[in-house]
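Asks: give me a 3D structure for the following:
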Amino acid sequence: MPTPQISKKKLKAIVFTDIADFTKLSSQDEQKALDLLQTQNEIVKPIVEKHKGEWLKEIGDGLLLSFDSSLDSVRCSIEIQESLRDVEDLNLRIGIHQGDIFINDDDVIGDDVNVASRIEPFAAIGGIAISHKVQADISSTPEYTTKYIGQPKLKGVSQEVKVYCITSHGLPETKLSDVSAKLEKKTNWFKYAVSVAAFVALLTYYFMPKEKEVPSIGILMMENLGIEDNNFWSRGITEDLIVKVAGAGLIRVAPMREILGIDPAVKLEEIAKKLRVKYLLTSSMHKKEEGFDLRCQLIEAGSGVSQYSNKWSLSNDEAPSIVVLLAENILKSLNVVSKSANAAVPTANIDAYEFYLKGKYRFEMSENIEDTEIARGLLRKAIGLDGNLIPARNVLGWTYHRTGKYDDAKEIYEEALNLANGIDDTLWISKLLNNIGIIYAKKSDYVKALEYYTRSLEMKEVVDDKRGIGRTLNNIGNIYRGKGHYVKAMDFYARSLEIKEKIDEKRNIRVALNNIGICLLIKGEYEGALDYFTRSLDIYKELGDKWDIEWVLKEIGTTYFLSGNFDKAIDPLEKSISRTKEIGLEEKELLEPIVYLFLSYKYAGRKYNLKEIYVLLEKTEQIGYEVNYHLFKLLEEIIYLETAYTQVKERANKFKPDVRAIFFGYSIPKAIIEEWENIPK
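Replies: Numbers count the residues shown, from 1 in each chain. Model prediction:
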């Protein structure tokens, strides 16, 4: 038998992958595990080829790859993790090392191959661990950030290895608590230092002041001491100040919507209790022809002690600096160091700033579509005077977003994002990434949506924005809901709800409640859905919030309708339709509630006119399977049932087999399939 020929050694970047929990999966469902390996190969091979990598071998559920450079290996590994992020059960850990490999007739060998395989367990699930050699190669490339993990115990490996994890590109960070047992122990001096630190911490706990909690503040509505027409100044400055201070990160700020529900005549201590904050900022503004007279006071509500107060005058040209000046003094007084990257005034153009505040005020106070168009005109004037005024672009985008014109909104958000990136404004980058992610989700582009949400989450973590993290968890839940993973979606919503309840953020508590209600509604758990929607509606009423209330009324009416309680469905559906028309939402938003309302009339024995349905059908391009099914029930035209059946099948085909089976068991898909298949062909 001929002796195998060993090739000349080659310096390579070596990548080793492993599927988390694959052994457990194999023991439970061997065929599913085999299918998973096939899926892995189908997705990963083209990515490896794209990055000029070499597919060396498959080792059980693991892969051994090589690249000519560390950068190529890292880029490829990141793309692999991004591509597998939405593939159920295909959760990889990846380890990368650089070194010499030897290739013989049947195998790939070498000390450095062993190192790559030993580094992989130090990656988080969905993450990437790298050796110090790879870290040194990519450290000069700004787009990559890493975190040092430690020096692992590597039996049978002669060289010293230090391990890092990649923390950029939305990759999960390795938890030291998960891998500490696999790391080399330090000398006893380390244990001694830990003991000393623990002792010092104990002394600190008992003897040092305990007022170290994250400060909380309610920024009350700035009082307008001038004419009523100047209310847009006081409200706009208040709202922007709330956003600015909240963007500092390590501070809890009561949201604007809660501030709007405050009675200024109530004692400050009671206001602070209602807002769940320790400090309150009171302020006033007198707009004169030549400028502004301003007063403010930061008060600890419990003791009444003033932490900061000021009285000053500014010229008209200095108006855009009011928010920045107030924010800086608030944060300084509360010993908060802002983590937001940009503290510049939004514009130097006073006319642009005034049009921006007027446009925002008009939109927030709008009662109909005419008000919205006026607001857009004012915002466009602001942008025309200063094209770099990011807040004006954001509000303009929101006027389209809010009324369902998503393509217009996305284009405006993207223009604003480019400007924010140009000045490295962390706060606005985060907000705009999130807004664009929402648009992609509305358009069912879940891969893009998740990409933007992940990037937004990274920015929010930079400033430790708990509120923003809660919102992003909610948005990720939306992605899983769109993919049919309703149970998984509810898990993200529940985690989001937990954060929102801890910081007592009413407005976003109701968002999480709504989303959990939707999942329960789809699953046919009507009693649970109604409970969540009703809790959400109670918050709308508590806050006196008119925005989006038509939506939750529609869901309550729909829940009553689907559960067979037609009399109770009528009132919330009628109110939802009336409100939708009143604020000028696009007519496509009306079809669903009107179909459910007319069916409720039909089953309750009340009169209705189908003319409005046919008018809406001509104007509505996309209709979901639920509405098509109920159009069949209302109009008794079989084409709608056939369309609903086709849509259910098409939607189910996008799901994995296990998700598909569950989806077919839900009440409406099940009813559609049964009715269509029972019709004589």
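
Asks: for the stretch 351-500 of the chain, which spans come out with low pLDDT?
Replies: 463 (pLDDT under 70).

Asks: apply 80 and report the result again.
Replies: 427, 461-467 (pLDDT under 80).

Asks: over to H286. Which of the three states is it?
Replies: Put simply, H286 is strand when judged by DSSP: H, G, I helix; E, B strand; the rest coil.

Asks: quick one: pLDDT of it?
Replies: pLDDT recorded at H286 is 95.

Asks: again with the one 10 residues further on
Replies: The confidence metric pLDDT takes the value 93 at C296.

Asks: run a quick neighbour tally on it.
Replies: Using other C-beta atoms under 10 Å, C296 has 22 neighbouring residues. The C-beta positions use only the backbone N, C-alpha and C, and glycine is treated the same way.

Asks: from what I see, it and S309 are in contact.
Replies: Yes: counting by C-beta atoms under 8 Å, S309 is a contact partner of C296 at 6.8 Å.

Asks: which parts of this structure are strands?
Replies: Under the criterion DSSP state E, the chain contains strands at 10-19, 54-59, 62-67, 92-103, 108-109, 128-131, 146-150, 163-166, 216-219, 223-224, 252-253, 279-287, 291-300, 305-315.

Asks: now the common contact residues for C296 and S309.
Replies: Overlap of the contact sets of C296 and S309 (by C-beta atoms under 8 Å, 6 or more residues apart in numbering) is empty.

Asks: which parts of the stretch 401-550 of the chain are helices?
Replies: 406-422, 426-442, 446-462, 466-482, 486-502, 506-522, 526-543, 549-562 (DSSP state H, counting those that start in this stretch).

Asks: actually the stretch 151-300 of the chain, not the one I typed
Replies: Going by DSSP H, counting those that start in this stretch, the stretch 151-300 of the chain shows helices at 176-179, 188-207, 231-246, 256-259, 268-275.

Asks: lowest average confidence across the ones you listed, which one?
Replies: helix 188-207 (a mean of 42).

Asks: for the most centrally placed residue in the chain, give its distance to W398.
Replies: By C-alpha atoms, centre = their mean, the mean C-alpha position of the chain lies nearest to T472, the distance being 2.1 Å. T472 is 18 Å from W398, where distance means C-beta to C-beta, to the nearest Å.

Asks: outline the domain layout of the chain.
Replies: 10-172, 216-338 (automatic domain parsing).

Asks: mean pLDDT lowest where, among those domains?
Replies: domain 10-172 (a mean of 85).

Asks: next one: phi and psi at E586?
Replies: Phi and psi for E586, reported as degrees, to the nearest 10, are phi -60, psi 150.

Asks: which residues are in contact with the closest residue in space to it that isn't next to it in sequence?
Replies: Nearest residue to E586, sequence neighbours excluded (C-beta to C-beta, 6 or more residues apart in numbering): G404, at 4.6 Å. Contacts for G404 (C-beta under 8 Å, 6+ apart) come out as 585-586, 588-589.

Asks: measure G404 to K442 for me?
Replies: With C-beta to C-beta as the criterion, G404 and K442 are 8 Å apart.

Asks: try R481
Replies: In terms of C-beta to C-beta, R481 sits 13 Å off from K442.

Asks: neighbour-wise, which of those two wins?
Replies: Set R481 next to K442 and count neighbours by other C-beta under 10 Å: R481 wins out with 21 against 16.

Asks: you'd agree the more buried one is up against C519?
Replies: Yes: here R481 reaches C519: they are 6.2 Å apart, a contact under C-beta under 8 Å.

Asks: quick check: neighbours shared by the two?
Replies: A489.

Asks: not counting sequence-adjacent ones, nearest residue to L385?
Replies: Going by C-beta to C-beta, 6+ apart, L385 has A352 as its nearest residue, at 3.7 Å.

Asks: next up, the contacts around that neighbour.
Replies: Here A352 is in contact with 381-383, 385-386, 389, 392 (C-beta under 8 Å, 6+ apart).

Asks: can you pick the most crowded of the residues you listed?
Replies: Result: A392 is most packed of the contacts of A352 (other C-beta under 10 Å), 30 neighbours.
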